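Trainee: Turn this into a model:
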Amino acid sequence: MLKQLRRFERTSKILILGFVALMAVSLVLFFRPNSGSNQVEATKSTEVLATVAGDDITVGDLAQLRAQYMQMLGGQMSLAQLGGDQRLLDGLIRDRVVTAEANRLSLGASDAEVSERIVKQYSNPDGKFLFTDASGKPDIKKYMESVVAQHGDVAKFEHSVAGTIAREKLEAYVTASVRVSEDEVREDYKRKNTTFDLTYVVVSVDKLAEKIQPTDAELKAYYEQHKAEYQFKMPQKKIRYVFIDQDKSGEKLQISDKDLHDEYDSLKPEFKQAGVNVQQIVLKIARLDLDATVNKKAEDLVAKARGASGSATEEAFAELAKGKSEDPGTARNGGRVSGVVKKDPTKLDDPYQKVLDLQPGDVTDPIKYKNAYYILRRGDSVPKTFEAAKPELLVSLRNRRGYTVAQKLAQKAQERLKETKDPQKVAQELAAEANMKPADMVRETPFVKPGDDVPNIGSSQQFEDAIAPLNNPNDIGERTGIKNGFAIPMLVEKRDPRIPDLDEVKAKVTKALKAERAKAQLEDKAKELLANAKTPGDLKAAAAKLGLEAKAEANYKLETPLGDSGSSVLLDDPLFASKGGEVIQKPVFLNGNYLVLGVNKRTEADLAEFAKQRDTLMKTALDERKSQVFEDYLAATQKTMEANGKIKIYKDVLANMRDEEVPEAAPRPRPRLPITR
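Mentor: The predicted structure is shown next:
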């Protein structure tokens with residue numbers, strides 16, 4: 001890209017100045033006082049995490065991607081829920097696989113293609129490059145400054161553009177011969193749009209087990225046959241622990257208005273914003289066959305709104321909205337959306353979230369959402385006053401200080417418990433400081449082993465690690481973070497691996513025996529139900545005789561969940577072949593249960609509507625087929641590269657990255673509040 005721009009400008013002076021400016025910015029950012037942290041340093045790490053066909057993926061690459069996701073999620077969802085570092089690394093590897101395969105097939109992006117794409121990306125609707133000097137020549141310095149501000153690094157940005165182009169070219173090459181027939185699309189439309197009014201009965205193990213009541217003799221006999229399955233292979237421990245409640249500890253803290261003002265003053269500017277003002281133009285899609293027409297109209301309006309400057313004033317956009325928007329609620333008010341728009345990572349498909357990445361006055365491309373196209377203009381940021389932020393500041397500050405107080409108090413409790421070996425005495429001594437009753441501070445677990453769900457704690461690796469070294473009665477463990485606070489554990493009793501008595505596991509044995517007998521009855525009960533129900537109307541009475549429940553579902557469509565039973569082709573195929581007024585003559589086995597289905601009414605798909613939507617449906621089907629073919633191709637390519645040793649992951653490096661994330665103690669996960677440092 002830089003070479004291309006240099007040709008446009010026919011001079012290297014601006015390029016040199018641009019590099020100097022970039023180096024200056026980098027030095028300022030890198031050596032800025034008080035900016036160092038493990039996370040920041042990780043994003044700069046060049047340690048190799050994986051290689052794909054000789055192309056290195058560094059710790060810094062993954063750390064930067066992780067930071068981007070964490071910023072986007074805003075603490076409302078954890079990276080673990082998205083698959084963690086391994087999932088992010090998989091994405092980086094797949095990107096490199098695409099690049100390697102494109103290069104192998106001579107489909108990589110040329111400098112000219114990258115330049116053309118970037119110029120187009122940074123051009124106004126008239127096709128004029130945005131970064132020019134007074135004479136109209138490309139201004140590399142402006143371009144580089146903008147890229148650094150938005151993406152952090154010019155070379156990586158241009159590399160990502162090249163990767164996007166390579167992916168597009170490779171996908172076009174791989175899927176060039178992919179076709180779908182009209183018959184296929186019509187049949188798929190019929191399957192997806194034929195509806196059924198159903199009466200159905202779920203014959204489940206749990207439901208049948210409710211009626212089974214084994215005798216003590218039967219339980220004993222079953223236990224003797226399966227005794228080895230109930231063996232405790234790991235030691236069991238009964239733990240008594242002193243509990244420090246983080247919230248209770250924080251309640252006593254006095255937080256002054258000065259503290260809150262100091263907290264407010266220290267916030268970054270972005271956290272002093274209540275949100276941004278937004279204006280909109282909405283164009284509704286009356287029918288699917290009008291989609292392309294509405295999209296073209298929306299694109300024309302975007303070009304008009306942006307004009308030569310590439311942005312729109314509030315007044316100009318308001319005039320356009322009043323005359324063109326089809327949302328009467330906002331059109332009469334110049335397209336102004338009531339309230340403000342603020343970042344919400346849980347609403348990734350919300351079109352309004354897209355304006356948050358724009359500058360004031362910027363106008364989005366047309367955004368299709370449900371049955372309309374949205375054109376959005378970002379307005380000015382709305383500041384959040386101290387008074388408006390005060391409740392959030394109070395919660396945030398109290399949480400942080402409460403955690404610190406609870407942590408120090410837990411350390412004190414640990415020291416006293418090691419001295420006294422008496423949890424009750426420690427609780428009485430520290431109850432006032434903990435803002436708790438002594439009786440609430442002393443808790444005891446049943447006999448537990450690793451992996452158990454411990455009352456008040458759950459399944460906690462930290463708690464298991466804390467009690468692992470405890471082997472003798474009255475051994476004291478280190479303080480550890482648990483749900484809602486801290487625990488200081490003491491061993492009460494330990495039981496070595498053994499085969500337990502029946503009474504200790506009676507509940508589990510009873511449940512297993514009932515489930516075994518219910519499974520044996522499952523198919524027979526389904527067939528018995530089917531034999532007693534000749535029509536859908538018979539199902540309710542036939543189910544009641546067997547202690548089962550008949551359920552109804554109106555307008556059911558294939559490939560959607562049927563109640564709690566789920567969905568499957570095992571259900572779809574016999575249902576699509578059925579007729580109204582009949583009971584499907586074979587029970588459907590799905591997710592461990594049998595379904596007996598009665599079709600009260602069948603409504604065929606409207607093929608006249610298919611004819612109206614034909615072109616759109618054909619295009620969608622072709623796009624889906626191409627996407628699947630391309631993904632299958634990439635998966636096969638990656639598998640071949642792995643087999644040939646062209647992909648290598650350094651798992652020890654990845655494990656070290658994970659270790660760096662584990663905190664010393666974490667009483668409970670808390671949502672990250674909008675007001676944070």
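Trainee: what helix or strand is Asp85 on?
Mentor: Assessed by DSSP states H and E, Asp85 sits inside helix 84-104.
Trainee: Now do that helix: everything it contacts.
Mentor: Residues outside helix 84-104 that contact it (C-beta atoms under 8 Å, 6 or more residues apart in numbering): 49-50, 52-53, 55, 57, 61-62, 65-66, 69, 79, 83, 108, 163, 166-167, 169-170, 634, 637-638, 641, 646-647, 649, 654, 657-658. C-beta here means a position set from N, CA and C on the backbone, and glycine is covered the same way.
Trainee: Swap in 7 Å and give it another go.
Mentor: 49-50, 52-53, 55, 57, 61-62, 65-66, 108, 163, 166-167, 169-170, 634, 637-638, 641, 647, 654, 657-658 (C-beta atoms under 7 Å, 6 or more residues apart in numbering).
Trainee: Filter those residues down to the buried ones and hand me the ChimeraX line.
Mentor: Buried residues within the contacts of helix 84-104, by 16 or more other C-beta atoms under 10 Å, are selected in ChimeraX with:
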select :49,50,52,57,61,62,65,66,108,163,166,167,169,170,634,637,638,641,647,654,657
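Trainee: Go through the contacts of helix 84-104 and flag which are in strands.
Mentor: 49-50, 52, 55, 57, 647 (DSSP state E).
Trainee: Kindly reformat the residues you listed as JSON lines containing pLDDT and distance to Val382.
Mentor: What follows is the ones in strands among the contacts of helix 84-104, written out as JSON lines (pLDDT from 0 to 100; distance: C-beta to C-beta, whole Å):
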{"residue": "Leu49", "pLDDT": "92", "distance to Val382": "41"}
{"residue": "Ala50", "pLDDT": "93", "distance to Val382": "44"}
{"residue": "Val52", "pLDDT": "95", "distance to Val382": "45"}
{"residue": "Asp55", "pLDDT": "91", "distance to Val382": "45"}
{"residue": "Ile57", "pLDDT": "92", "distance to Val382": "41"}
{"residue": "Ile647", "pLDDT": "95", "distance to Val382": "48"}
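Trainee: Looking at the residues you listed, which one is closest to Lys612?
Mentor: Set against Lys612, the nearest of the ones in strands among the contacts of helix 84-104 by C-beta to C-beta is Val52 (46.3 Å).
Trainee: Give me the neighbour count for the residue lying closest to that closest one once chain neighbours are set aside.
Mentor: Excluding its sequence neighbours, the residue lying closest to Val52 (C-beta to C-beta, 6 or more residues apart in numbering) is Arg96, at 3.5 Å. Look at Arg96: counted by other C-beta atoms under 10 Å, it has 24 neighbours.
Trainee: next one: Glu229
Mentor: Based on other C-beta under 10 Å, the number of other residues close to Glu229 is 12.
Trainee: distance of it from Arg498?
Mentor: Distance, Glu229 to Arg498, by C-beta to C-beta, to the nearest Å: 14 Å.
Trainee: now do Phe243
Mentor: Distance of Phe243 to Arg498, computed by C-beta to C-beta: 30 Å.
Trainee: Could you check which of the two has the larger neighbour count?
Mentor: Phe243 (24 against 12).
Trainee: helices or strands next to the helix or strand where that one lies in the packing?
Mentor: If you go by DSSP H and E, Phe243 is part of strand 236-245. Using 3 or more C-beta pairs under 7 Å, 6 or more residues apart in numbering; DSSP states H and E as the contact test, the elements touching strand 236-245 are helix 386-420, helix 423-434, strand 442-444, strand 485-495.
Trainee: deepest of the ones you listed, which one?
Mentor: Highest mean neighbour count among those (mean count of other C-beta atoms under 10 Å): strand 485-495, with a mean of 22.
Trainee: Give me the helices and strands touching it, please.
Mentor: strand 236-245, helix 386-420, helix 461-467.
Trainee: After the first one, heading C-terminal, what element do we hit next?
Mentor: What it means is strand 236-245. Counting by DSSP H and E, the element after strand 236-245 in chain order, helix or strand, is helix 246-251.
Trainee: Buried ones in that next one, by neighbour count?
Mentor: Buried-residue list, helix 246-251, by 16+ other C-beta under 10 Å: 246-250.
Trainee: Name the residues that touch that helix?
Mentor: Contacts of helix 246-251 (C-beta under 7 Å, 6+ apart): 398-399, 401-403, 405-406, 409, 434-436, 484-485, 667.
Trainee: Ok, stretch 586-604 next?
Mentor: The contact list for stretch 586-604 (C-beta under 7 Å, 6+ apart) reads 194-205, 522-523, 526-527, 529-530, 533, 536, 539, 565-566, 568, 570-571, 574-575, 578-584.
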